[in-house]
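Asker: Give me the fold of what follows.
(one chain, ligands or ions: 1)
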Amino acid sequence: MAKGRILSGNRPTGKLHLGNFAGALANWVKLQEDYECLFMVADWHALTTGYDDTSELKEYTREMLIDWISAGLDPEKSVIFRQSDVKEHAELHLLLSMITPLGWLERCPTYKEQLQQLSGKEITNYGFLGYPVLMASDILVYKADTVPVGEDQLPHLELAREIARRFNYLYTPTFPEPQAKLSQVPLLPGVDGRKMSKSYGNTIALSDPPERVRELVNAMVTDPERIRKSDPGHPDVCTVYAYYKGLAPEVLESRREECEGGQIGCVACKRQLLKTLLDILGPIHERRHELAVQPGLVESILEQGAAKASPMAARTMAEVREAMRI
Ligand code: SF4
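Answerer: Numbering: from 1, shown residues only. Alright, predicted model coming up:
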């Protein structure tokens with residue numbers, strides 16, 4: 001029996017990389033066995049910072065969805081849909097924006113942080129400030145009670161809870177207060193040791209062929225103090241070790257002992273990591289090739305997802321309108 005209802009999603013960013021896989025996707029694949037899951041391509045969210053160039057939105061949606069399915073998200077087990085296909089998200093966003101004090105949004109730590117980080121971009125917009133209200137609407141429109149999040153997203157979820165509480169207090173108790181399901185996965189760095197980011201060109205894409213993966217693993221930054229195999233290594237400063245941490249925790253202890261004891265060279269250590277990565281990516285590549293020869297598959301998954309998500313959202317909106325006497 002399902003433990004509860006989960007809503008999670010991602011902005012369409014095109015092809016996914018191992019950081020996306022380790023940080024969320026691998027976890028989602030497991031969650032769909034125990035929870036009733038809804039996974040959303042958050043294309044409206046992409047507009048909050050990327051409103052000025054929408055040329056690749058559809059292609060990014062397509063690529064991300066193929067990676068989701070290749071990695072094991074199953075449209076038969078989970079509702080996989082695109083946010084803009086279910087207009088109730090926008091209606092609830094509008095109504096919840098009426099009851100959300102401006103101060104709650106301005107105080108949101110991610111708002112200030114992003115304003116600084118994206119300082120070259122004009123994002124002092126209404127849509128960007130109100131993005132946590134849209135996020136609350138995404139969750140509440142399905143009455144999801146569980147949301148898998150990283151620590152950095154906790155303030156958004158707290159805001160969603162506050163908005164739900166305020167609605168329930170002002171009108172009729174309608175929404176459950178969604179709870180966080182914290183993801184324990186450490187962040188994977190890029191192959192050069194910096195933050196993993198497509199804009200740095202330091203990612204390993206789920207669709208990268210084995211030869212490319214080999215090149216990227218060979219280029220990984222290791223412990224700079226280690227010259228010979230017998231030198232005791234420091235795995236905590238090594239990018240290769242960070243990948244073991246995120247993707248192969250079962251060998252973590254033995255790898256640390258071998259590295260610190262000078263029993264394994266970095267070349268051999270990388271060779272073993274490459275094997276681990278190819279074991280993970282092999283089945284994903286196989287499914288990707290199968291999907292590539294099925295034209296219209298992505299569209300049909302999205303249609304099927306919208307057909308399941310829409311009635312759920314419509315039921316909630318009927319209750320919301322009644323509670324607000326609209
Ligand atoms: S042996 Fe492995 S963990 Fe240790 S520094 Fe070399 S690559 Fe990193």
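Asker: Any part of stretch 209-216 near the ligand?
Answerer: No: figure legend: stretch 209-216 not in contact with the ligand (C-beta under 6 Å from any ligand atom); closest approach 13.9 Å. C-beta: built from backbone N, CA, C; applies to glycine.
Asker: Quick one: distance of that stretch to the chain centre.
Answerer: Taking C-alpha atoms, centre = their mean, to the nearest Å, one finds the center of stretch 209-216 at 24 Å from the center of the full chain.
Asker: For it, buried residues please.
Answerer: Buried residues in stretch 209-216, counting neighbours by 16 or more other C-beta atoms under 10 Å, are found at 213, 214, 216.
Asker: Name the nearest of these relative to residue 194.
Answerer: The closest of the buried residues of stretch 209-216 to residue 194 turns out to be residue 216 (C-beta to C-beta; 13.7 Å).
Asker: my guess is the closest one meets residue 209, correct?
Answerer: No: checked against C-beta atoms under 8 Å, the pair residue 216 and residue 209 is beyond contact range at 11.0 Å.
Asker: And stretch 174-191, end to end?
Answerer: 47 Å (C-alpha to C-alpha, to the nearest Å).
Asker: Could you list the buried residues of that stretch?
Answerer: Buried residues in stretch 174-191, counted by 16+ other C-beta under 10 Å: 174, 175, 176, 178, 180, 181, 183, 185, 188, 189, 190, 191.
Asker: what's the spacing between stretch 78-93 and its chain's center?
Answerer: On C-alpha atoms, centre = their mean, the centre of stretch 78-93 falls 17 Å from that of its chain.
Asker: ah, wrong one, I meant stretch 272-283
Answerer: The answer for stretch 272-283 is 21 Å, by C-alpha atoms, centre = their mean.
Asker: any idea how far residue 178 lies from the ligand?
Answerer: Separation of residue 178 from the ligand (C-beta to the nearest ligand atom, to the nearest Å) stands at 39 Å.
Asker: Single out the residue in the stretch 1-150 of the chain that lies closest to the ligand.
Answerer: residue 18 (16.6 Å; C-beta to the nearest ligand atom).
Asker: since we're on that residue, how many residues are nearby?
Answerer: Number of residues near residue 18 (other C-beta atoms under 10 Å) recorded here: 26.
Asker: dump the residue contacts of it.
Answerer: 188, 196, 203, 204, 205, 206, 243, 246, 247, 277 (C-beta atoms under 8 Å, 6 or more residues apart in numbering).
Asker: Now for residue 10: which residues touch it?
Answerer: 20, 24, 40, 41, 42, 64 are the contacts of residue 10 under C-beta under 8 Å, 6+ apart.
Asker: swap in residue 168?
Answerer: With contact set as C-beta under 8 Å, 6+ apart, residue 168 has these partners: 174, 175.
Asker: circling back: and the contacts of residue 10, which of them are in helices?
Answerer: 20, 64 (DSSP state H).
Asker: biggest separation within the contacts of residue 10, which pair?
Answerer: With C-beta to C-beta as the measure, no two of these lie farther apart than 20 and 40, at 14.9 Å.
Asker: higher neighbour count, those two?
Answerer: residue 40 (26 against 22).
Asker: isn't the more buried one right next to residue 9, touching?
Answerer: Yes: Residue 40 is within contact range of residue 9, at 3.3 Å (criterion: C-beta under 8 Å).
Asker: which residues are in contact with both of the two?
Answerer: 83, 138.
Asker: residue contacts, the residue of the chain positioned farthest from its centre?
Answerer: Ranked by distance from the centre of the chain (C-alpha atoms, centre = their mean), the top residue is residue 230, with 40.0 Å. Applying C-beta under 8 Å, 6+ apart, one finds that residue 230 lies in contact with residue 262.
Asker: From residue 269, how far out is it?
Answerer: Residue 230 sits 14 Å away from residue 269, going by C-beta to C-beta, to the nearest Å.
Asker: ditto for residue 228
Answerer: As judged by C-beta to C-beta, residue 228 and residue 269 stand 14 Å apart.
Asker: contacts for the lowest-mean-pLDDT helix or strand in the chain?
Answerer: Counting by mean pLDDT, DSSP states H and E, the chain has its least confident helix or strand at helix 109-117, which shows a mean of 78. Residues outside helix 109-117 that contact it (C-beta under 8 Å, 6+ apart): 49, 105, 123, 124, 128, 129, 132, 152, 153, 155, 156.
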